[in-house]
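*Asks:* One predicted model, sequence on top.
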Amino acid sequence: MFGLMKKTLTGLVGAGLALGLTVGTAQAEYPEKPITMVIPLGAGGSHDLNARVITSIIPTYLNQAMIVRLTPGAGGQKGTQEVANAGADGYTLLFTHNYIDQLQQHVESLPYNPNEDFVPVARINYAPIAVVVRGDSPYETMDDLIAASKADPGGIQMAHSGNWGALFVPAAQFMKALDMQWNLVPYQGGGPAMQALLSGDADVTMGFPSTLAGQIQSGDVRVLATAGAERIYDDVPTFGEVGVEGDVGFMHRVVLAPANTPKEVLTKLEEAFAALAEDKTFTRMMGRLGENVDIINGEAYQAMRDEQFGAYKVLVEQLTSQ
Amino acid sequence: MIEQFFEGLSMALRIDTFVMMALGLFGGMLVGALPGFTTLMAMAILLPISFFLDPLVGIPFLLGIYKGGMFGGSIPAILVSMPGTGAAVATSRDGYALTKQGKSRKALDMALFASVFGDTASDIFTILMIFPIAVLVMQFGPPELFAVLLMSLIIIAVTSGSNPLKALIMMMLGLWLSFIGTDPLGGVERFTFGLFELKSGIPLLPMLIGVFAIPEIASVVMRNEKTRQLAAVMGERLTLTELRRCFRTIGRSTVIGTSIGIIPGLGQVVAAMMGYSAAKNASETPEKFGQGELEGVAAAEAANNSVNGPTMVPLLTLGIPGDNVTAILLGAFVAQGLRPGPQLFDEQGATVFAILIAMIFGNIMFLAIGYLSIPLFSRIVTIKVSVLIPLVIMFAFAGAFVFRSDSVDLLMLVVFGIFGIVAKAARFDVMPMVMGFILGPPLEYAFGQTVAMTNGDMFGFFLGERWGAATVLALCPVFGYLLWKRMQSVNTA
């Protein structure tokens, strides 16, 4: 309640200051008012929770408050468009992920151009995904599952969290790389998809290891493969080892700024985000959420974005041409 | 198990837990009472605070916000006919009618008592039956959800108004309105006419405020009701006799709400409507419902609050959050080193019981907090009409805007407001429309999922694998017909 009031108040004060100060203070050092971080996703999701941690720590390094604004809708396009139309002054940032950022442009026409309208500021962290089946599933290994999927195209039910979402895309990449067919059934989020797996409605789903620990420990689910170059669990192969190569199965949480944001503003922001990696409270709080911290600067992430652009383009073309 | 329970009981009895929970309850109530602000937002913002608190303080604090906010939502619904969430729509119906009769205090007292009773009873039931509920939750998949939603829509259409045909027309309109925007399954745009503003669909809040609050404001203004005044008196408090009269209704609604809470994905809106419909159907004077019947408030509030207990079960036993509120709670649990899931009760059983017990104490505490705050809130209706009406209009627009910070929503509010005025004049009840609009997307989603699951053989799938869902679907027309007959006999009598 107090936090809400404080945020509302700082917002109001900030807005008042902005009105009063627009004339004549162009030289003042950024940031001179609170920064808004737009999340194009709903309340209570992993982005929301991550952002709450970021915004409670980053004021230490920016000397200004950072306010979260949730603008869900149209699969993330609403919030993204809002930032695309915002002033390129560093006071409106977007906290999004790679599928909204780079994949959607290949699926439909967007009211903005992700590559021309945005520049990356920082990648905060990433979540590698894992292929999971029920503990009592007949598929002991990924090879079993692949063999069964090839033997019965479309017979294996795969529960995912929505079309072109964080579970759908890796599943599609799997199907493409391994030349097999799953019956993809959408659920409203990763939680319901996991519940469908446990209740027997689905044969396979995907999930983030940070959320799976409990079920793995109790034996309710079995992990068959995990994303990334290194094994997360000693006895579980990586995607690469089962024949799925490339940047598959990572959700990168990234902060973007409108293109044409002044260089010195970007530098200031990049420094502040880089400082988070060294901040003990930040890493501890993220650790408590079960999230890693692996901050990459804007330039380095741009290279990854370019790669995603090409990979998703090919993926969508192949999936939609069938 | 029993040992853990008593250990938990002793752990829960600490002063800081109670203080923080009281803070959360009161704060949540204030946030919930402001249209446009949701308890979900408040919980997400305050989540980091709970990281720094002891688990037995931080989690009850968040739960307090949630419970307080649930009741807070019914305050504007009762006082100014402005339901901020779908769950408060049914409450608003008789609640606002009571306010107009100068009985707003009675309505608020009844809402408070019914909420607290429903919540407490379902919490206790949940603690006792947590593992059987966990098994039961697993029996419900998309086909069952689809069948139950369809049944709910039929019941709402038939029982809500005096004219089922008009109600059905309005419900169809609501369903159609819910189709506008991006199709949730295939991602295809529908009825957007290429407008980006419509791509994410019509937002709920401007519709709720538009069709429920604006026509009431308009009727006061148009009739120039200076003399009558919106309701100059707060009225008396609820009497024990009135409360006793509603015991049956509260009990029935609690059972309905708790059962609906077990089915993942149904939620408070359906519970409130089903509780309300059942009370109306069981009443000897169903024609009084909607005209300011205390039982109506009791039925809706007991039902929507008793959903809470069972919705915690998948979170606690499987580590799966079913909605955004439980997702935030999952974050709070995990941050405290309590990883919800099957092993939670083995490892941390006492702590979990302590949290559940604190929930029950919180309910009792809320009875006192709410009871003491109600006179404060009901004072709103004693404000002079010439001041109150502009204030309500301001809150209507501010509430519609603050939800998504999108100026299009203001336009939507005006459009729905005018629609509400016209519908009221033509004696079309807007409630079935709103219910069609709210329940349309989950109905469609569940249907789409079911189709995806069947691999093309719909009949074989339902009859061979999903006989439960098939039974409910088969009963739909029978149930609808019987209720229709009953309502007809009531209306002609």
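*Replies:* That came through fine. Numbering: from 1, shown residues only, chains lettered A, B, ... in the order given.

*Asks:* which secondary structure elements does the helix or strand where B:Val478 lies contact?
*Replies:* Counting by DSSP states H and E, the element that carries B:Val478 is helix B:467-492. Judged by 3 or more C-beta pairs under 8 Å, 6 or more residues apart in numbering or on different chains; DSSP states H and E, the packing partners of helix B:467-492 are helix B:142-160, helix B:458-465. All C-beta spots, glycine's among them, are computed from the backbone N, C-alpha and C.

*Asks:* Check which residues of the helix or strand following the longest one are buried.
*Replies:* Toward the C-terminal end, the helix or strand that comes next after helix B:142-160 (DSSP H and E) is helix B:164-179. For helix B:164-179, burial by neighbour count (16 or more other C-beta atoms under 10 Å in any protein chain shown) applies to B:164, B:166-168, B:170-171, B:173-175, B:177-178.

*Asks:* Now do the contacts for the residue of chain B found nearest chain A.
*Replies:* Nearest residue of chain B to chain A, counting by C-beta to the nearest C-beta: B:Gly341, 2.4 Å away. Neighbouring residues of B:Gly341 by C-beta atoms under 8 Å, 6 or more residues apart in numbering or on different chains: A:213-215, A:217-218, A:220, B:317-319.

*Asks:* Just the buried subset of those residues, please.
*Replies:* A:214-215, A:218, A:220, B:317-319.

*Asks:* and those as TSV, adding pLDDT and secondary structure?
*Replies:* Converted to TSV, these look like this (pLDDT from 0 to 100; DSSP: H, G, I helix; E, B strand; the rest coil):
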residue	pLDDT	secondary structure
A:Gly214	75	helix
A:Gln215	82	helix
A:Ser218	83	helix
A:Asp220	89	coil
B:Thr317	84	helix
B:Leu318	80	helix
B:Gly319	78	coil
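
*Asks:* Out of those, which is nearest to A:Leu94?
*Replies:* Of all the buried ones among the contacts of B:Gly341, B:Gly319 has the smallest distance to A:Leu94: 30.4 Å, by C-beta to C-beta.

*Asks:* sorry, back to before: just the mean pLDDT for the helix holding B:Val478, thanks.
*Replies:* Averaged across helix B:467-492, pLDDT comes to 84.

*Asks:* Repeat that for stretch A:313-320.
*Replies:* In this model, stretch A:313-320 carries a mean pLDDT of 86.

*Asks:* likewise stretch B:280-293?
*Replies:* On average, stretch B:280-293 scores 89.

*Asks:* again with stretch B:122-132
*Replies:* 91.

*Asks:* As CSV, could you dump the C-alpha coordinates of that stretch?
*Replies:* C-alpha atoms of stretch B:122-132 as CSV (Å, rounded to 0.1, in the frame of the first residue of the first chain):
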residue,chain,number,x,y,z
SER,B,122,-13.6,-22.8,2.6
ASP,B,123,-10.2,-22.3,4.3
ILE,B,124,-11.1,-24.8,7.0
PHE,B,125,-12.5,-27.2,4.5
THR,B,126,-9.3,-26.8,2.4
ILE,B,127,-7.0,-27.5,5.4
LEU,B,128,-8.9,-30.6,6.3
MET,B,129,-9.3,-31.9,2.8
ILE,B,130,-6.2,-30.6,1.1
PHE,B,131,-5.0,-34.0,-0.3
PRO,B,132,-8.4,-35.2,-1.6
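
*Asks:* Contacts for it, please.
*Replies:* By C-beta under 8 Å, 6+ apart, stretch B:122-132 touches B:133, B:254, B:257-258, B:261, B:305-310, B:312-313, B:316-317, B:353, B:356-357, B:359-360, B:363.

*Asks:* now do 10 Å
*Replies:* Stretch B:122-132 has contacts (C-beta atoms under 10 Å, 6 or more residues apart in numbering or on different chains) with B:1, B:5, B:8, B:67, B:133, B:135-136, B:254-255, B:257-259, B:261-262, B:302-303, B:305-313, B:316-317, B:345, B:352-353, B:356-357, B:359-360, B:362-363.

*Asks:* picking that back up, mind putting the buried ones among the contacts of B:Gly341 in CSV, distance to A:Val248 included?
*Replies:* Output for the buried ones among the contacts of B:Gly341, formatted as CSV (distance: C-beta to C-beta, whole Å):
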residue, distance to A:Val248
A:Gly214, 25
A:Gln215, 23
A:Ser218, 28
A:Asp220, 25
B:Thr317, 32
B:Leu318, 27
B:Gly319, 26
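
*Asks:* between those residues, which is nearest A:Pro138?
*Replies:* Using C-beta to C-beta, these come closest to A:Pro138 at A:Asp220, 15.7 Å.

*Asks:* Of the contacts of stretch B:122-132, keep whichever come out buried.
*Replies:* B:5, B:8, B:67, B:133, B:254-255, B:257-259, B:261-262, B:302-303, B:305-313, B:316-317, B:345, B:352-353, B:356-357, B:359-360, B:362-363.

*Asks:* just the helices in the stretch 1-150 of chain B please.
*Replies:* Ranges of helices in the stretch 1-150 of chain B, per DSSP state H, counting those that start in this stretch, are B:2-12, B:15-33, B:39-51, B:55-72, B:74-80, B:89-100, B:104-128, B:130-137, B:142-160.

*Asks:* No more questions from me, cheers.
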